[in-house]
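Student: what's the 3D shape of this:
(chains A, B, C, D and E)
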Amino acid sequence: MFIGEVVGTVVASQKTDNMNGLPLRIIRRLTPEAELTETYAVAVDVVGASHGEYVLIATGSSARQTQQTDTRPVDAIIMAIVDTWQVDGQVRYTKQIPLETPI
Amino acid sequence: MFIGEVVGTVVASQKTDNMNGLPLRIIRRLTPEAELTETYAVAVDVVGASHGEYVLIATGSSARQTQQTDTRPVDAIIMAIVDTWQVDGQVRYTKQIPLETPI
Amino acid sequence: MFIGEVVGTVVASQKTDNMNGLPLRIIRRLTPEAELTETYAVAVDVVGASHGEYVLIATGSSARQTQQTDTRPVDAIIMAIVDTWQVDGQVRYTKQIPLETPI
Amino acid sequence: MFIGEVVGTVVASQKTDNMNGLPLRIIRRLTPEAELTETYAVAVDVVGASHGEYVLIATGSSARQTQQTDTRPVDAIIMAIVDTWQVDGQVRYTKQIPLETPI
Amino acid sequence: MFIGEVVGTVVASQKTDNMNGLPLRIIRRLTPEAELTETYAVAVDVVGASHGEYVLIATGSSARQTQQTDTRPVDAIIMAIVDTWQVDGQVRYTKQIPLETPI
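Tutor: Residues are numbered from 1 along each chain as shown, chains lettered A, B, ... in the order given. Down below sits the predicted model:
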(Lines give C-alpha, C1' and ligand atoms only; values in the text may rest on other atoms or scores of the structure.)
Protein backbone atom coordinates (compact mmCIF):
# COMPACT_ATOMS: atom_id res chain seq x y z
CA MET A 1 0.00 0.00 0.00
CA PHE A 2 1.06 3.62 -0.22
CA ILE A 3 -0.07 6.81 1.50
CA GLY A 4 -1.72 9.53 -0.59
CA GLU A 5 -3.83 12.66 -0.40
CA VAL A 6 -7.29 12.85 -1.97
CA VAL A 7 -6.91 15.82 -4.35
CA GLY A 8 -9.65 15.40 -6.95
CA THR A 9 -12.57 13.60 -8.53
CA VAL A 10 -13.15 12.03 -11.95
CA VAL A 11 -16.62 11.83 -13.55
CA ALA A 12 -17.20 9.27 -16.30
CA SER A 13 -20.69 8.43 -17.55
CA GLN A 14 -19.63 6.00 -20.31
CA LYS A 15 -17.98 3.06 -18.60
CA THR A 16 -18.15 -0.72 -18.26
CA ASP A 17 -21.54 -1.71 -16.80
CA ASN A 18 -20.19 -3.04 -13.54
CA MET A 19 -18.53 0.29 -12.62
CA ASN A 20 -21.75 2.24 -12.03
CA GLY A 21 -22.01 3.90 -8.65
CA LEU A 22 -18.34 3.59 -7.70
CA PRO A 23 -16.80 7.00 -6.85
CA LEU A 24 -13.46 7.70 -8.58
CA ARG A 25 -10.90 9.82 -6.76
CA ILE A 26 -7.54 11.30 -7.82
CA ILE A 27 -4.84 10.57 -5.24
CA ARG A 28 -1.39 12.14 -5.02
CA ARG A 29 1.27 9.96 -3.43
CA LEU A 30 2.97 11.20 -0.26
CA THR A 31 6.46 10.49 1.05
CA PRO A 32 6.82 9.04 4.58
CA GLU A 33 7.68 12.65 5.58
CA ALA A 34 4.20 13.71 4.33
CA GLU A 35 5.47 15.61 1.29
CA LEU A 36 3.37 15.51 -1.87
CA THR A 37 4.92 13.90 -4.96
CA GLU A 38 4.03 14.12 -8.65
CA THR A 39 2.94 10.47 -8.73
CA TYR A 40 -0.80 9.95 -8.76
CA ALA A 41 -3.43 7.25 -9.18
CA VAL A 42 -7.15 7.15 -9.84
CA ALA A 43 -8.74 4.93 -7.17
CA VAL A 44 -12.23 3.74 -6.25
CA ASP A 45 -13.23 5.03 -2.82
CA VAL A 46 -14.82 2.28 -0.72
CA VAL A 47 -14.46 4.00 2.69
CA GLY A 48 -15.96 7.47 2.11
CA ALA A 49 -12.86 9.67 2.18
CA SER A 50 -13.11 13.47 1.86
CA HIS A 51 -11.06 15.93 -0.18
CA GLY A 52 -7.73 16.62 1.51
CA GLU A 53 -7.73 13.48 3.65
CA TYR A 54 -4.72 11.20 3.79
CA VAL A 55 -5.56 7.65 2.75
CA LEU A 56 -4.06 4.22 2.07
CA ILE A 57 -4.20 2.89 -1.50
CA ALA A 58 -4.15 -0.84 -2.33
CA THR A 59 -3.37 -1.72 -5.94
CA GLY A 60 -3.59 -4.65 -8.34
CA SER A 61 -5.84 -7.66 -7.76
CA SER A 62 -5.93 -6.68 -4.06
CA ALA A 63 -8.15 -3.76 -5.07
CA ARG A 64 -10.90 -6.28 -5.86
CA GLN A 65 -10.97 -7.81 -2.36
CA THR A 66 -13.97 -5.75 -1.18
CA GLN A 67 -17.71 -6.29 -1.62
CA GLN A 68 -18.01 -3.15 -3.77
CA THR A 69 -15.14 -3.92 -6.16
CA ASP A 70 -15.27 -7.74 -6.43
CA THR A 71 -15.10 -8.89 -10.11
CA ARG A 72 -14.89 -5.26 -11.33
CA PRO A 73 -12.11 -3.78 -13.52
CA VAL A 74 -10.64 -1.83 -10.62
CA ASP A 75 -6.86 -1.78 -10.01
CA ALA A 76 -6.69 0.73 -7.10
CA ILE A 77 -8.89 1.45 -4.08
CA ILE A 78 -8.84 3.71 -1.05
CA MET A 79 -8.95 0.99 1.61
CA ALA A 80 -8.36 3.14 4.73
CA ILE A 81 -8.40 6.73 5.98
CA VAL A 82 -5.19 7.50 7.88
CA ASP A 83 -5.56 8.86 11.43
CA THR A 84 -1.88 9.24 12.17
CA TRP A 85 1.51 7.83 11.27
CA GLN A 86 4.98 8.03 12.73
CA VAL A 87 8.43 7.44 11.26
CA ASP A 88 11.58 6.98 13.36
CA GLY A 89 9.65 7.76 16.54
CA GLN A 90 8.29 11.08 15.26
CA VAL A 91 4.65 11.71 14.41
CA ARG A 92 4.60 12.89 10.77
CA TYR A 93 0.87 13.42 10.45
CA THR A 94 -2.25 13.47 12.61
CA LYS A 95 -5.72 13.95 11.20
CA GLN A 96 -7.28 17.22 12.34
CA ILE A 97 -10.62 16.70 14.08
CA PRO A 98 -12.81 19.66 13.08
CA LEU A 99 -13.84 21.80 16.07
CA GLU A 100 -17.52 21.66 16.82
CA THR A 101 -19.33 24.86 16.05
CA PRO A 102 -20.32 26.56 19.32
CA ILE A 103 -24.09 26.92 19.86
CA MET B 1 -6.31 3.45 -12.85
CA PHE B 2 -4.70 6.32 -14.72
CA ILE B 3 -5.99 8.97 -17.09
CA GLY B 4 -4.80 8.94 -20.70
CA GLU B 5 -5.55 10.25 -24.17
CA VAL B 6 -6.38 7.93 -27.06
CA VAL B 7 -3.69 8.82 -29.62
CA GLY B 8 -3.45 5.83 -31.93
CA THR B 9 -4.42 2.37 -33.12
CA VAL B 10 -2.51 -0.90 -33.50
CA VAL B 11 -3.44 -3.50 -36.15
CA ALA B 12 -2.26 -7.08 -35.64
CA SER B 13 -3.60 -9.94 -37.75
CA GLN B 14 -1.40 -12.69 -36.27
CA LYS B 15 -2.36 -13.01 -32.62
CA THR B 16 -3.56 -15.52 -30.05
CA ASP B 17 -6.96 -16.93 -31.11
CA ASN B 18 -8.91 -15.41 -28.29
CA MET B 19 -7.87 -11.84 -29.18
CA ASN B 20 -9.86 -11.62 -32.43
CA GLY B 21 -12.24 -8.69 -32.64
CA LEU B 22 -10.77 -6.71 -29.73
CA PRO B 23 -9.73 -3.16 -30.81
CA LEU B 24 -6.23 -2.15 -29.67
CA ARG B 25 -5.59 1.51 -28.89
CA ILE B 26 -2.43 3.46 -28.04
CA ILE B 27 -2.91 5.62 -24.94
CA ARG B 28 -0.63 8.40 -23.70
CA ARG B 29 -0.71 8.99 -19.96
CA LEU B 30 -1.83 12.41 -18.70
CA THR B 31 -0.86 14.24 -15.52
CA PRO B 32 -3.67 15.39 -13.16
CA GLU B 33 -3.11 18.83 -14.77
CA ALA B 34 -4.02 17.29 -18.15
CA GLU B 35 -0.51 17.46 -19.60
CA LEU B 36 0.59 14.66 -21.92
CA THR B 37 3.53 12.52 -20.79
CA GLU B 38 5.87 10.20 -22.69
CA THR B 39 4.44 7.13 -20.91
CA TYR B 40 2.09 5.06 -23.02
CA ALA B 41 0.21 1.76 -23.01
CA VAL B 42 -1.57 -0.37 -25.57
CA ALA B 43 -5.06 -1.12 -24.22
CA VAL B 44 -8.14 -3.01 -25.40
CA ASP B 45 -11.07 -0.65 -25.84
CA VAL B 46 -14.26 -2.10 -24.31
CA VAL B 47 -16.25 1.18 -24.16
CA GLY B 48 -15.95 2.56 -27.71
CA ALA B 49 -13.64 5.55 -27.18
CA SER B 50 -12.70 7.88 -30.06
CA HIS B 51 -9.36 9.36 -31.07
CA GLY B 52 -8.48 12.29 -28.83
CA GLU B 53 -10.81 11.33 -26.00
CA TYR B 54 -9.59 11.18 -22.41
CA VAL B 55 -10.09 7.77 -20.85
CA LEU B 56 -9.42 5.69 -17.73
CA ILE B 57 -7.08 2.71 -18.05
CA ALA B 58 -7.24 -0.31 -15.72
CA THR B 59 -4.21 -2.61 -15.76
CA GLY B 60 -3.16 -6.07 -14.64
CA SER B 61 -5.65 -8.85 -13.86
CA SER B 62 -8.30 -6.12 -13.41
CA ALA B 63 -8.23 -5.67 -17.20
CA ARG B 64 -9.84 -9.12 -17.51
CA GLN B 65 -12.90 -8.25 -15.39
CA THR B 66 -15.16 -7.52 -18.38
CA GLN B 67 -17.22 -9.83 -20.60
CA GLN B 68 -15.06 -9.00 -23.64
CA THR B 69 -11.67 -9.57 -21.99
CA ASP B 70 -12.40 -12.44 -19.55
CA THR B 71 -9.74 -15.21 -19.84
CA ARG B 72 -7.90 -13.30 -22.59
CA PRO B 73 -4.19 -12.25 -22.49
CA VAL B 74 -5.08 -8.59 -21.94
CA ASP B 75 -3.25 -6.51 -19.31
CA ALA B 76 -4.79 -3.06 -19.98
CA ILE B 77 -8.27 -1.86 -20.95
CA ILE B 78 -10.06 1.42 -21.50
CA MET B 79 -12.76 0.99 -18.86
CA ALA B 80 -14.30 4.50 -18.95
CA ILE B 81 -14.47 7.67 -21.05
CA VAL B 82 -13.81 10.72 -18.88
CA ASP B 83 -16.45 13.50 -18.92
CA THR B 84 -14.69 15.83 -16.55
CA TRP B 85 -12.27 15.90 -13.65
CA GLN B 86 -11.23 18.42 -11.07
CA VAL B 87 -8.14 18.75 -8.89
CA ASP B 88 -7.93 21.05 -5.86
CA GLY B 89 -11.37 22.49 -6.62
CA GLN B 90 -10.48 23.47 -10.21
CA VAL B 91 -11.89 21.78 -13.28
CA ARG B 92 -8.90 20.53 -15.29
CA TYR B 93 -10.79 19.00 -18.18
CA THR B 94 -14.32 18.83 -19.55
CA LYS B 95 -15.25 16.80 -22.58
CA GLN B 96 -16.40 18.98 -25.48
CA ILE B 97 -19.88 18.03 -26.67
CA PRO B 98 -19.85 18.54 -30.45
CA LEU B 99 -22.37 21.20 -31.54
CA GLU B 100 -25.21 19.83 -33.60
CA THR B 101 -25.04 20.80 -37.23
CA PRO B 102 -27.81 23.35 -37.97
CA ILE B 103 -30.39 22.21 -40.51
CA MET C 1 0.43 -4.25 -23.45
CA PHE C 2 3.46 -2.59 -24.96
CA ILE C 3 5.08 -2.67 -28.39
CA GLY C 4 8.55 -4.18 -28.74
CA GLU C 5 11.03 -5.56 -31.24
CA VAL C 6 12.22 -9.18 -31.13
CA VAL C 7 16.00 -8.76 -30.79
CA GLY C 8 17.24 -12.04 -29.33
CA THR C 9 16.77 -15.54 -27.95
CA VAL C 10 17.51 -17.15 -24.57
CA VAL C 11 18.38 -20.85 -24.23
CA ALA C 12 17.91 -22.49 -20.83
CA SER C 13 18.06 -26.27 -20.42
CA GLN C 14 17.66 -26.35 -16.61
CA LYS C 15 14.22 -24.95 -15.86
CA THR C 16 10.97 -25.77 -14.10
CA ASP C 17 9.42 -28.88 -15.66
CA ASN C 18 6.41 -27.11 -17.09
CA MET C 19 8.52 -24.68 -19.15
CA ASN C 20 9.86 -27.27 -21.62
CA GLY C 21 9.24 -26.44 -25.27
CA LEU C 22 8.33 -22.78 -24.76
CA PRO C 23 10.57 -20.47 -26.87
CA LEU C 24 12.05 -17.53 -24.91
CA ARG C 25 12.65 -14.27 -26.78
CA ILE C 26 14.37 -11.02 -25.78
CA ILE C 27 12.19 -8.01 -26.59
CA ARG C 28 13.25 -4.34 -26.63
CA ARG C 29 10.48 -1.89 -25.88
CA LEU C 30 9.59 0.69 -28.55
CA THR C 31 8.14 4.19 -28.15
CA PRO C 32 4.91 5.03 -30.03
CA GLU C 33 7.24 6.77 -32.54
CA ALA C 34 8.92 3.39 -33.15
CA GLU C 35 12.21 4.28 -31.46
CA LEU C 36 14.04 1.54 -29.56
CA THR C 37 14.47 2.02 -25.80
CA GLU C 38 16.82 0.40 -23.29
CA THR C 39 13.93 -1.38 -21.54
CA TYR C 40 13.64 -5.05 -22.34
CA ALA C 41 11.76 -8.17 -21.29
CA VAL C 42 12.16 -11.89 -21.79
CA ALA C 43 8.84 -13.23 -23.13
CA VAL C 44 7.46 -16.59 -24.21
CA ASP C 45 6.53 -16.54 -27.90
CA VAL C 46 3.11 -18.12 -28.49
CA VAL C 47 2.51 -16.69 -31.98
CA GLY C 48 5.71 -17.59 -33.88
CA ALA C 49 7.37 -14.18 -34.25
CA SER C 50 10.65 -13.76 -36.16
CA HIS C 51 13.78 -11.79 -35.34
CA GLY C 52 13.25 -8.09 -36.06
CA GLU C 53 9.47 -8.22 -36.00
CA TYR C 54 7.44 -5.75 -33.95
CA VAL C 55 5.19 -7.45 -31.43
CA LEU C 56 2.76 -6.85 -28.58
CA ILE C 57 3.75 -8.03 -25.11
CA ALA C 58 1.22 -8.88 -22.38
CA THR C 59 2.58 -9.10 -18.83
CA GLY C 60 1.60 -10.41 -15.41
CA SER C 61 -1.14 -13.00 -14.89
CA SER C 62 -2.48 -12.08 -18.34
CA ALA C 63 0.55 -13.86 -19.80
CA ARG C 64 -0.96 -17.15 -18.59
CA GLN C 65 -4.24 -16.75 -20.51
CA THR C 66 -3.16 -18.94 -23.43
CA GLN C 67 -3.25 -22.72 -23.90
CA GLN C 68 0.57 -22.89 -24.04
CA THR C 69 1.24 -20.82 -20.90
CA ASP C 70 -1.70 -21.75 -18.62
CA THR C 71 -0.48 -22.62 -15.07
CA ARG C 72 3.15 -22.00 -16.07
CA PRO C 73 5.58 -19.56 -14.33
CA VAL C 74 5.43 -17.11 -17.26
CA ASP C 75 5.00 -13.36 -16.67
CA ALA C 76 5.34 -12.06 -20.25
CA ILE C 77 4.24 -13.36 -23.66
CA ILE C 78 4.30 -12.21 -27.26
CA MET C 79 0.54 -12.25 -27.89
CA ALA C 80 0.46 -10.57 -31.33
CA ILE C 81 2.65 -9.63 -34.28
CA VAL C 82 2.08 -6.00 -35.26
CA ASP C 83 1.12 -5.30 -38.90
CA THR C 84 0.89 -1.55 -38.60
CA TRP C 85 0.17 1.23 -36.13
CA GLN C 86 -0.60 4.89 -36.38
CA VAL C 87 -0.31 7.75 -33.88
CA ASP C 88 -1.99 11.14 -34.34
CA GLY C 89 -3.17 10.16 -37.81
CA GLN C 90 0.32 9.22 -39.04
CA VAL C 91 1.42 5.68 -39.80
CA ARG C 92 4.50 5.05 -37.63
CA TYR C 93 5.22 1.51 -38.76
CA THR C 94 4.07 -0.97 -41.38
CA LYS C 95 5.38 -4.51 -41.57
CA GLN C 96 7.36 -5.13 -44.74
CA ILE C 97 5.92 -7.98 -46.76
CA PRO C 98 8.89 -9.73 -48.37
CA LEU C 99 8.73 -9.51 -52.17
CA GLU C 100 8.17 -12.84 -53.82
CA THR C 101 11.16 -14.11 -55.71
CA PRO C 102 10.50 -13.83 -59.46
CA ILE C 103 10.40 -17.16 -61.28
CA MET D 1 10.61 -9.83 -2.65
CA PHE D 2 12.75 -6.96 -1.50
CA ILE D 3 14.65 -6.19 1.70
CA GLY D 4 13.54 -3.24 3.83
CA GLU D 5 13.80 -1.69 7.26
CA VAL D 6 10.77 -1.22 9.51
CA VAL D 7 10.79 2.55 10.13
CA GLY D 8 7.25 3.43 11.14
CA THR D 9 3.62 2.64 11.86
CA VAL D 10 0.32 3.78 10.33
CA VAL D 11 -2.91 3.99 12.34
CA ALA D 12 -6.22 3.99 10.47
CA SER D 13 -9.55 3.51 12.26
CA GLN D 14 -11.80 3.93 9.21
CA LYS D 15 -11.00 1.09 6.85
CA THR D 16 -12.61 -1.79 4.97
CA ASP D 17 -14.17 -4.23 7.48
CA ASN D 18 -11.83 -7.08 6.73
CA MET D 19 -8.72 -5.05 7.62
CA ASN D 20 -9.39 -4.83 11.36
CA GLY D 21 -6.59 -6.08 13.56
CA LEU D 22 -3.88 -6.11 10.90
CA PRO D 23 -0.84 -4.01 11.92
CA LEU D 24 0.37 -1.59 9.21
CA ARG D 25 4.09 -0.81 9.05
CA ILE D 26 6.10 1.67 6.96
CA ILE D 27 9.09 0.00 5.31
CA ARG D 28 12.04 1.68 3.62
CA ARG D 29 13.69 -0.32 0.88
CA LEU D 30 17.36 -1.28 1.29
CA THR D 31 20.00 -1.90 -1.36
CA PRO D 32 21.87 -5.23 -1.31
CA GLU D 33 24.68 -3.24 0.37
CA ALA D 34 22.25 -2.42 3.22
CA GLU D 35 21.89 1.27 2.34
CA LEU D 36 18.50 2.90 2.90
CA THR D 37 16.70 4.26 -0.17
CA GLU D 38 13.88 6.76 -0.57
CA THR D 39 11.49 4.04 -1.80
CA TYR D 40 8.97 2.90 0.77
CA ALA D 41 5.87 0.74 1.11
CA VAL D 42 3.13 0.28 3.69
CA ALA D 43 2.90 -3.43 4.50
CA VAL D 44 0.84 -5.65 6.80
CA ASP D 45 3.06 -7.35 9.38
CA VAL D 46 2.21 -11.07 9.72
CA VAL D 47 5.43 -12.14 11.48
CA GLY D 48 5.72 -9.66 14.40
CA ALA D 49 8.65 -7.51 13.30
CA SER D 50 10.02 -4.72 15.51
CA HIS D 51 11.05 -1.17 14.69
CA GLY D 52 14.49 -1.11 13.06
CA GLU D 53 14.45 -4.75 11.99
CA TYR D 54 15.32 -5.77 8.45
CA VAL D 55 12.53 -7.69 6.76
CA LEU D 56 11.43 -9.25 3.47
CA ILE D 57 8.41 -7.75 1.71
CA ALA D 58 6.21 -9.73 -0.69
CA THR D 59 3.92 -7.69 -2.95
CA GLY D 60 0.90 -8.11 -5.19
CA SER D 61 -1.44 -11.10 -4.98
CA SER D 62 1.36 -12.97 -3.19
CA ALA D 63 0.67 -10.75 -0.17
CA ARG D 64 -2.66 -12.55 0.26
CA GLN D 65 -1.12 -16.03 0.58
CA THR D 66 -1.23 -16.09 4.38
CA GLN D 67 -4.03 -16.99 6.81
CA GLN D 68 -4.18 -13.41 8.12
CA THR D 69 -4.36 -11.67 4.73
CA ASP D 70 -6.36 -14.16 2.61
CA THR D 71 -9.17 -12.37 0.66
CA ARG D 72 -8.18 -9.00 2.15
CA PRO D 73 -7.26 -5.84 0.16
CA VAL D 74 -3.57 -6.15 1.05
CA ASP D 75 -0.86 -5.71 -1.60
CA ALA D 76 2.27 -5.92 0.59
CA ILE D 77 3.23 -7.99 3.65
CA ILE D 78 6.26 -8.51 5.84
CA MET D 79 6.71 -12.26 5.24
CA ALA D 80 10.07 -12.78 7.00
CA ILE D 81 12.50 -11.17 9.44
CA VAL D 82 16.03 -11.23 8.04
CA ASP D 83 18.75 -12.82 10.21
CA THR D 84 21.63 -12.24 7.83
CA TRP D 85 22.47 -11.85 4.17
CA GLN D 86 25.62 -11.96 2.10
CA VAL D 87 26.47 -10.59 -1.33
CA ASP D 88 29.53 -11.64 -3.33
CA GLY D 89 30.79 -13.72 -0.41
CA GLN D 90 30.64 -10.85 2.08
CA VAL D 91 28.18 -10.64 4.95
CA ARG D 92 26.31 -7.33 4.50
CA TYR D 93 24.06 -7.58 7.54
CA THR D 94 23.63 -9.71 10.64
CA LYS D 95 20.82 -9.19 13.10
CA GLN D 96 22.10 -8.09 16.51
CA ILE D 97 21.01 -10.43 19.28
CA PRO D 98 20.40 -8.25 22.35
CA LEU D 99 22.72 -9.17 25.21
CA GLU D 100 20.94 -10.69 28.17
CA THR D 101 20.88 -8.45 31.19
CA PRO D 102 23.25 -9.87 33.85
CA ILE D 103 21.51 -10.92 37.07
CA MET E 1 10.88 -12.47 -17.14
CA PHE E 2 14.24 -10.80 -16.80
CA ILE E 3 17.83 -12.04 -16.77
CA GLY E 4 19.86 -11.71 -13.59
CA GLU E 5 22.97 -12.94 -11.82
CA VAL E 6 22.81 -14.84 -8.53
CA VAL E 7 24.94 -12.65 -6.23
CA GLY E 8 23.85 -13.53 -2.71
CA THR E 9 21.76 -15.37 -0.17
CA VAL E 10 19.27 -14.26 2.51
CA VAL E 11 18.72 -16.23 5.73
CA ALA E 12 15.49 -15.67 7.66
CA SER E 13 14.43 -17.97 10.49
CA GLN E 14 11.26 -16.07 11.50
CA LYS E 15 8.92 -16.24 8.53
CA THR E 16 5.40 -17.29 7.54
CA ASP E 17 4.99 -21.04 8.15
CA ASN E 18 4.62 -21.98 4.51
CA MET E 19 8.01 -20.49 3.57
CA ASN E 20 10.13 -23.08 5.41
CA GLY E 21 12.71 -24.83 3.27
CA LEU E 22 12.58 -22.42 0.33
CA PRO E 23 16.06 -20.99 -0.47
CA LEU E 24 16.13 -17.19 -0.90
CA ARG E 25 18.64 -15.71 -3.34
CA ILE E 26 19.64 -12.13 -4.15
CA ILE E 27 19.60 -11.49 -7.90
CA ARG E 28 21.07 -8.50 -9.74
CA ARG E 29 19.37 -7.63 -13.00
CA LEU E 30 21.44 -7.76 -16.20
CA THR E 31 21.03 -5.79 -19.41
CA PRO E 32 20.69 -7.72 -22.70
CA GLU E 33 24.40 -6.87 -23.19
CA ALA E 34 25.14 -8.79 -19.96
CA GLU E 35 26.03 -5.73 -17.90
CA LEU E 36 25.09 -5.74 -14.22
CA THR E 37 22.60 -3.07 -13.06
CA GLU E 38 21.76 -1.70 -9.62
CA THR E 39 18.27 -3.27 -9.72
CA TYR E 40 17.89 -6.40 -7.64
CA ALA E 41 15.25 -8.80 -6.38
CA VAL E 42 15.06 -11.49 -3.71
CA ALA E 43 13.76 -14.66 -5.37
CA VAL E 44 12.99 -18.23 -4.32
CA ASP E 45 15.25 -20.68 -6.13
CA VAL E 46 13.27 -23.68 -7.45
CA VAL E 47 15.89 -24.92 -9.95
CA GLY E 48 19.08 -25.15 -7.85
CA ALA E 49 21.13 -22.25 -9.24
CA SER E 50 24.67 -21.56 -8.00
CA HIS E 51 26.38 -18.31 -7.05
CA GLY E 52 27.42 -16.39 -10.16
CA GLU E 53 25.06 -18.17 -12.52
CA TYR E 54 22.82 -16.24 -14.89
CA VAL E 55 19.14 -17.02 -14.37
CA LEU E 56 15.63 -16.08 -15.48
CA ILE E 57 13.33 -14.49 -12.90
CA ALA E 58 9.53 -14.69 -13.10
CA THR E 59 7.60 -12.25 -10.92
CA GLY E 60 4.11 -11.68 -9.57
CA SER E 61 1.46 -14.40 -9.41
CA SER E 62 3.50 -16.31 -12.02
CA ALA E 63 6.05 -16.98 -9.28
CA ARG E 64 3.49 -19.27 -7.62
CA GLN E 65 3.04 -21.57 -10.65
CA THR E 66 5.43 -24.23 -9.38
CA GLN E 67 4.90 -27.14 -6.97
CA GLN E 68 7.29 -25.61 -4.42
CA THR E 69 5.76 -22.11 -4.39
CA ASP E 70 2.03 -22.81 -4.94
CA THR E 71 -0.12 -20.86 -2.41
CA ARG E 72 2.98 -19.35 -0.78
CA PRO E 73 3.69 -15.60 -0.34
CA VAL E 74 6.35 -15.59 -3.05
CA ASP E 75 6.47 -12.87 -5.72
CA ALA E 76 9.70 -13.83 -7.53
CA ILE E 77 11.34 -17.14 -8.46
CA ILE E 78 14.37 -18.35 -10.35
CA MET E 79 12.55 -20.43 -12.99
CA ALA E 80 15.50 -21.24 -15.29
CA ILE E 81 19.30 -21.27 -15.44
CA VAL E 82 20.50 -19.56 -18.63
CA ASP E 83 22.85 -21.57 -20.89
CA THR E 84 23.33 -18.91 -23.53
CA TRP E 85 21.64 -15.92 -25.12
CA GLN E 86 22.15 -13.88 -28.23
CA VAL E 87 21.06 -10.38 -29.23
CA ASP E 88 21.14 -9.07 -32.80
CA GLY E 89 22.87 -12.22 -33.99
CA GLN E 90 25.71 -12.00 -31.45
CA VAL E 91 26.17 -14.37 -28.53
CA ARG E 92 26.24 -12.19 -25.40
CA TYR E 93 26.73 -14.94 -22.85
CA THR E 94 27.50 -18.64 -22.72
CA LYS E 95 27.64 -20.59 -19.49
CA GLN E 96 31.12 -21.90 -18.76
CA ILE E 97 31.16 -25.66 -18.34
CA PRO E 98 33.74 -26.40 -15.65
CA LEU E 99 36.62 -28.52 -17.00
CA GLU E 100 36.73 -31.97 -15.48
CA THR E 101 39.61 -32.47 -13.12
CA PRO E 102 42.18 -34.74 -14.77
CA ILE E 103 42.74 -38.06 -12.96
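Student: how about low-confidence regions in chain A?
Tutor: A:98-103 (pLDDT under 70).
Student: where does the most centrally placed residue in chain A land in three-state SS?
Tutor: Note on chain A: the residue nearest the mean C-alpha position is residue A:78, at 3.6 Å, using CA atoms, centre = their mean. Of the three states, residue A:78 takes strand under DSSP: H, G, I helix; E, B strand; the rest coil.
Student: ok, what's across the strand from it?
Tutor: As for beta bridges, residue A:78 partners with residue A:45, residue A:57 under DSSP bridges.
Student: I'd say it and residue A:46 touch.
Tutor: Yes: counting by CB atoms under 8 Å, residue A:46 is a contact partner of residue A:78 at 6.5 Å. In this view, the C-beta of every residue, glycine as well, is placed from N, C-alpha and C.
Student: shared neighbours, these two?
Tutor: Overlap of the contact sets of residue A:78 and residue A:46 (by CB atoms under 8 Å, 6 or more residues apart in numbering or on different chains) is empty.
Student: how near is the residue lying closest to residue A:4 once chain neighbours are set aside to residue B:42?
Tutor: Distance criterion CB to CB, 6 or more residues apart in numbering or on different chains; nearest residue to residue A:4, sequence neighbours excluded, is residue A:27 at 3.8 Å. Separation of residue A:27 from residue B:42 (CB to CB, to the nearest Å): 25 Å.
Student: ok, residue A:8 - contacts?
Tutor: Taking CB under 8 Å, 6+ apart as the contact definition, residue A:8 lies against A:25, A:26, A:51, B:32, B:85, B:86, B:87, B:88, B:92.
Student: these two touch, right, the last one and residue B:82?
Tutor: No: taking CB under 8 Å as the contact criterion, residue B:92 and residue B:82 are not neighbours in contact, 10.2 Å apart.
Student: in terms of neighbours, single out the busier of the two.
Tutor: Neighbour totals were compared for residue B:92 and residue B:82, and residue B:82 leads with 26 against 20 (other CB atoms under 10 Å in any protein chain shown).
Student: what separation is there between the more buried one and residue B:38?
Tutor: Counting by CB to CB, the gap from residue B:82 to residue B:38 is 20 Å.
Student: in chain A, what residue is nearest chain E?
Tutor: residue A:61 (7.7 Å; CB to the nearest CB).
Student: A helix includes that residue, no?
Tutor: Yes: counting by three-state DSSP, residue A:61 is found in a helix.
Student: which bits of chain A sit near chain C?
Tutor: Contact residues (CB under 8 Å from any CB of the partner chain) of chain A with chain C: residue A:61.
Student: so residue A:52 sits against residue A:6, correct?
Tutor: Yes: under the contact definition of CB under 8 Å, residue A:52 touches residue A:6, with a separation of 6.4 Å.
Student: which one of those two is surrounded by more residues?
Tutor: residue A:6 (20 against 10).
Student: tell me the contacts of residue A:80?
Tutor: A:47, A:55, A:56, D:12, D:14, D:15, D:16, D:19, D:24.
Student: from residue D:29, how far out is it?
Tutor: Taking CB to CB, one finds residue A:80 at 22 Å from residue D:29.
Student: equivalent analysis for residue A:47, please.
Tutor: When distance is defined by CB to CB, residue A:47 is 27 Å away from residue D:29.
Student: give me the more crowded residue out of those two.
Tutor: More neighbours surround residue A:47 than the other of residue A:47 and residue D:29, with 20 against 16 (other CB under 10 Å).
Student: that one looks like it's in a helix, true?
Tutor: No: under three-state DSSP, residue A:47 falls outside any helix and is assigned coil.
Student: assess the claim that it and residue A:81 are in contact.
Tutor: Yes: contact criterion CB under 8 Å: residue A:47 and residue A:81 qualify, at 5.8 Å.
Student: and residue A:67, how many residues sit next to it?
Tutor: By other CB under 10 Å, 9 other residues sit near residue A:67.
Student: who's in contact with the nearest residue to residue A:50 once chain neighbours are set aside?
Tutor: Among residues not flanking residue A:50 along the chain, residue A:6 sits closest, at 6.8 Å (CB to CB, 6+ apart). Each residue near residue A:6 by CB under 8 Å, 6+ apart is listed here: A:25, A:26, A:27, A:45, A:49, A:50, A:51, A:52, A:53, A:55, A:78.
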